[in-house]
Each structure stands twice: as C-alpha cells, then as structure tokens.
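**Q** Only the shape, not the letters, is given here:
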C-alpha cells in the first residue's frame with residue numbers, strides 16, 4: 001500500500017499504551033519506502049526459550065541476531081510491529097559516538113570507562129554498515145559521512161572543541177570552513193562543519209526490519225503484536241505473559257526504550273521523552289541534486305533547538321527538528337519547517353511536503369545510554385538520547401553476549417541496579433515548550 005499525505009492535511013494521531021501521544025508509523029516516508037519484509041505471527045501458545053527479547057527495535061533485534069547465531073534458542077516479542085517505535089521514526093543518521101563529546105562522557109563515567117565507551121561507539125557505524133552488508137539488508141546505505149553544521153558563527157566554537165577531542169583519540173574527523181561547508185551542503189545558512197567520514201545514512205525502518213529478517217533466518221522466532229503484560233521469576237526462570245500466550249525463559253533482554261509500555265512486575269525505567277518531527281519533499285530534480293548535498297552526507301546543526309536534513313535514495317529532502325506534532329504546538333512546528341526549508345535551500349521554496357511524522361527520543365539525565373541489571377540473567381537497555389542506530393546495534397549484541405557468557409564486563413558500559421530521573425515530566429515540558437516557542441519566531445522571512 002502506497003499513499004502520500006500533504007503537509008497541510010490533518011494528521012492522524014493516536015495514544016500509545018504509555019499514555020503519550022504518538023503518530024502512526026504509516027505516516028512516515030520510511031513506511032512507504034521500506035523494502036524489507038518479515039512475517040512474525042502473534043504468540044498464541046505456551047513456549048520455552050533460552051533467551052527472550054522484549055522489544056523489536058535496533059537493540060532487541062541485534063541481541064536476538066547475536067544470540068541466534070551462537071545457537072541459542074531465542075524468541076522476540078514486539079507489542080506492535082518491528083521498528084514501530086523510535087527505530088522506525090529515526091532520521092537515519094548512523095553516527096559515531098554520542099551527543100556528548102568524549103571529555104564530557106569521562107566526567108560522568110570516569111576516564112577508563114568513558115574512554116572505553118567512546119572507543120566502542122566510535123566503531124559503531126562500521127558495525128552497522130558491516131551488518132547491512134553481511135545480511136544484505138535493503139536499507140539504502142550510504143557511508144559518505146555526516147556533517148555537523150554550525151548554525152551560526154558561534155557554532156564553530158563547539159565544533160572546534162569536538163574536533164580537538166575526537167582527533168586526540170584518533171578519529172578521522174575534519175573541520176570544514178564556511179566556504180567548504182556551504183559547498184558540501186548547498187546552502188549559505190551553514191557557517192562551517194565537522195565532517196566525520198565514519199558515519200552515513202540509512203533507511204531506518206528498513207534497517208530494523210532487515211535485522212528482524214536476519215535474526216529469523218538465523219533461527220530466532222519472532223512475534224509481532226505480542227506485548228509483554230506481566231513478568232515474574234519463578235524457580236529461577238522468567239515467565240512472561242502476553243495477550244494470547246506465555247513464554248518461559250532462562251534469560252531476558254528488555255529493549256523497549258522510548259516506547260515502553262508498562263509491564264506488571266518490572267518497573268519501567270524513567271526517561272525524559274523528547275520528540276522530533278520530520279517531513280519529506282518529492283524527489284529533487286537532477287539540477288537540484290547537483291547543487292544540494294551532492295555527496296549525500298547526512299546533516300544536523302549546532303542550534304540549541306536542533307534541526308537536521310538529508311536525502312534518501314530517491315533524492316527526497318528529509319528535514320526535521322525538535323518538537324511534537326498533534327498538540328497545540330503543531331502549527332508552530334510545521335510553519336517553521338516550511339520557512340526553514342525555503343531559507344536553507346531557496347531552490348526548494350514552496351516544495352510540496354508529502355509526509356510528516358514524529359518520534360519519541362528516550363533521554364537520560366546524563367545524556368548517556370544506560371543498562372539496568374535486574375539480576376545475573378536479565379538486562380534492560382534504554383536512553384540513547386537520539387543516537388539509536390549505532391549504540392542500539394552495539395548494546396544489543398553486547399547484552400546477548402553478556403547474558404550467554406555470564407560476563408558483564410563485555411558490556412559497553414557497566415550496568416547499574418538503580419536508576420531514577422527526578423521531575424522527568426517537567427523536563428519534557430521544558431524541552432517541548434522551548435522548541436515550540438523557538439519555532440514560533442525562528443526563520444521568519
């Protein structure tokens with residue numbers, strides 16, 4: 001089924017099981033252009049497995065793939081469809097590292113643990129693109145690097161700082177001056193950039209579904225529309241109830257991240273929900289493509305209320321920014337989007353926007369992903385703070401390895417038994433209000 005909905009038409013908004021508003025996954029461009037398919041019927045029986053994975057995004061599916069290839073029996077249950085959550089609504093930038101620069105990571109974790117996390121996630125794009133190649137995942141991979149763009153001359157201070165920290169650790173990054181950045185982006189609205197050749201772009205929903213297919217081919221048994229309702233540990237084994245079935249498992253991975261539905265028996269880790277919305281144009285003309293992102297790098301900027309832009313395989317411009325649709329701020333966000341597109345790329349002024357969608361980012365207090373260890377046989381991963389592709393792939397595989405080997409030292413960061421974020425709801429309001437107010441006045445021409 002293929003369809004397109006113009007920007008000015010009404011959005012279909014639904015309430016997720018967590019009580020938070022979410023867009024339909026079918027609103028997104030990624031849904032329309034996903035070339036990967038997998039069949040995973042709902043669980044309707046009582047079964048046993050060595051490892052049970054709850055959550056069908058990058059983390060859970062990477063864990064399932066890793067475990068299945070080791071010969072372990074694996075089942076994956078997903079409340080909706082694979083990639084339904086943040087994985088399928090992603091911008092599709094497969095970046096190295098995290099939002100925090102290395103020195104800031106060290107300040108939180110300590111030098112040894114921080115340097116290890118930076119090193120592991122610096123290789124994350126290679127892991128992603130190697131996985132895509134190995135399993136022939138049809139997700140439009142382009143590893144031509146990404147550009148972190150200065151939104152104003154002041155943004156170069158941040159980029160220079162990041163460059164110094166990354167270069168000191170051997171990262172092959174490069175600072176581009178204003179003229180170089182403008183030529184690479186095709187816009188006079190950038191004032192320099194930090195180029196990272198390790199990174200690239202993908203079709204994010206197709207990558208998630210492709211991981212599901214690869215895990216299934218490796219022997220994992222997958223179930224969509226099979227939400228975990230209740231978890232308890234009986235006789236040293238995990239018992240998980242779904243609407244129509246039950247699973248007994250030796251080990252457990254919970255990887256629901258920003259789209260967690262409350263499960264009886266396990267406390268949902270607190271996050272700060274931050275939303276990000278996007279829209280896509282029709283495919284650009286050959287002349288437009290020659291002038292705008294001719295090398296197809298993915299881009300995002302240094303503004304406090306961040307925005308991003310990139311092309312897909314058909315040459316559509318996908319542009320987005322922080323904010324949630326489907327509430328009082330929708331008009332401000334979408335009005336800003338049109339102005340932003342015209343200001344960034346005058347060639348695209350007035351271009352029709354055929355899809356609009358948004359997703360929820362799970363942010364932690366320290367802007368770092370976390371792992372909670374329920375016991376020696378169960379791990380929960382969450383909080384990628386907008387960097388789900390690389391870290392999710394790495395964390396998922398590492399959690400499977402840790403549980404199967406009993407060695408938690410293989411995890412990218414040490415797990416914790418406790419987690420809390422004071423006033424998470426108030427922080428969500430702060431971020432959304434700031435984005436809405438900014439978009440009310442920003443980029444008016």
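**A** Received the coordinates, thanks. Only a predicted model underlies this, so the values are computations on that prediction, with no experimental measurement involved.

**Q** From now on I want contacts and neighbour counts done on CA atoms only, so please keep to that.
**A** OK.

**Q** Need phi/psi at residue 340.
**A** phi -60, psi -50 (degrees, to the nearest 10).

**Q** quick one: the helices in the stretch 51-200 of the chain?
**A** Secondary structure of the stretch 51-200 of the chain (DSSP state H, counting those that start in this stretch): helices at 58-69, 86-89, 102-109, 111-122, 124-134, 155-168, 178-185.

**Q** Just list what the third one packs against, helices and strands only.
**A** Pointing back at helix 102-109 there. With contacts taken as 3 or more CA pairs under 8 Å, 6 or more residues apart in numbering; DSSP states H and E, helix 102-109 sits against helix 111-122, helix 155-168.

**Q** Measure how far the first one is from the centre of its chain, please.
**A** So the one you mean is helix 111-122. Computed by CA atoms, centre = their mean, to the nearest Å, the chain-centroid distance of helix 111-122 equals 20 Å.

**Q** do stretch 406-416 as well
**A** Worked out by CA atoms, centre = their mean, stretch 406-416 lies 22 Å from the chain centre.

**Q** gap between the two ends of it?
**A** 16 Å (CA to CA, to the nearest Å).

**Q** For the residue nearest in space to the middle of the chain, list the residues it contacts.
**A** Residue closest to the mean C-alpha point of the chain, counted by CA atoms, centre = their mean, is residue 388 at 3.3 Å. Contact analysis of residue 388 by CA atoms under 8 Å, 6 or more residues apart in numbering lists 58, 86, 87.

**Q** Could you dump those residues into a markdown table and include distance to residue 415 and neighbour count?
**A** Compiled in a markdown table, those are given as follows (distance: CA to CA, whole Å; neighbours: other CA atoms under 10 Å):
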| residue | distance to residue 415 | neighbour count |
| --- | --- | --- |
| 58 | 19 | 35 |
| 86 | 22 | 27 |
| 87 | 23 | 28 |
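
**Q** any idea which of the residues you listed is closest to residue 223?
**A** Nearest to residue 223 among these: residue 58, at 15.4 Å, using CA to CA.

**Q** Report the contact partners of the closest one.
**A** By CA under 8 Å, 6+ apart, the contact set of residue 58 is 83, 87, 208, 211, 388, 389, 392, 393, 396.

**Q** Over to residue 276?
**A** With contact taken as CA under 8 Å, 6+ apart, residue 276 is in contact with 320, 321, 322, 323, 324, 358, 359, 360, 361.

**Q** Run a quick neighbour tally on the fourth one.
**A** Just to be clear, that refers to residue 323. By other CA atoms under 10 Å, 27 other residues sit near residue 323.

**Q** again with the fifth one
**A** Residues lying near residue 324 (other CA under 10 Å) number 26.

**Q** Nearest spatial neighbour of it, chain-adjacent residues omitted?
**A** For residue 324, ignoring the flanking residues on the chain, the nearest one in space by CA to CA, 6 or more residues apart in numbering is residue 275 at 5.2 Å.

**Q** Provide the partner residues of the one you found in its beta bridges.
**A** The partner list for residue 275 in beta bridges (DSSP bridges) reads residue 360.

**Q** For stretch 105-113, could you pull out the residues that count as buried?
**A** 105, 106, 109, 113 (16 or more other CA atoms under 10 Å).

**Q** ditto for stretch 186-205
**A** Those would be 186-187, 189-205, for stretch 186-205 by 16+ other CA under 10 Å.

**Q** Tabulate the contacts of residue 388 (TSV), appending pLDDT and distance to residue 384.
**A** Shown next, in TSV, are the contacts of residue 388 (pLDDT from 0 to 100; distance: CA to CA, whole Å):
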residue	pLDDT	distance to residue 384
58	98	11
86	94	10
87	96	11
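
**Q** nearest to residue 314, of those?
**A** Ranked by distance to residue 314 (CA to CA), the contacts of residue 388 are led by residue 87 at 20.7 Å.

**Q** now the closest one: how far from residue 260?
**A** Noted for residue 87: a distance of 13 Å to residue 260, by CA to CA.

**Q** correct me, but residue 359 touches residue 83?
**A** No: with contact defined as CA atoms under 8 Å, residue 359 does not reach residue 83; the gap is 11.4 Å.

**Q** higher neighbour count, the two?
**A** Neighbours were counted for residue 359 and for residue 83 using other CA under 10 Å; residue 359 has more, 31 against 27.
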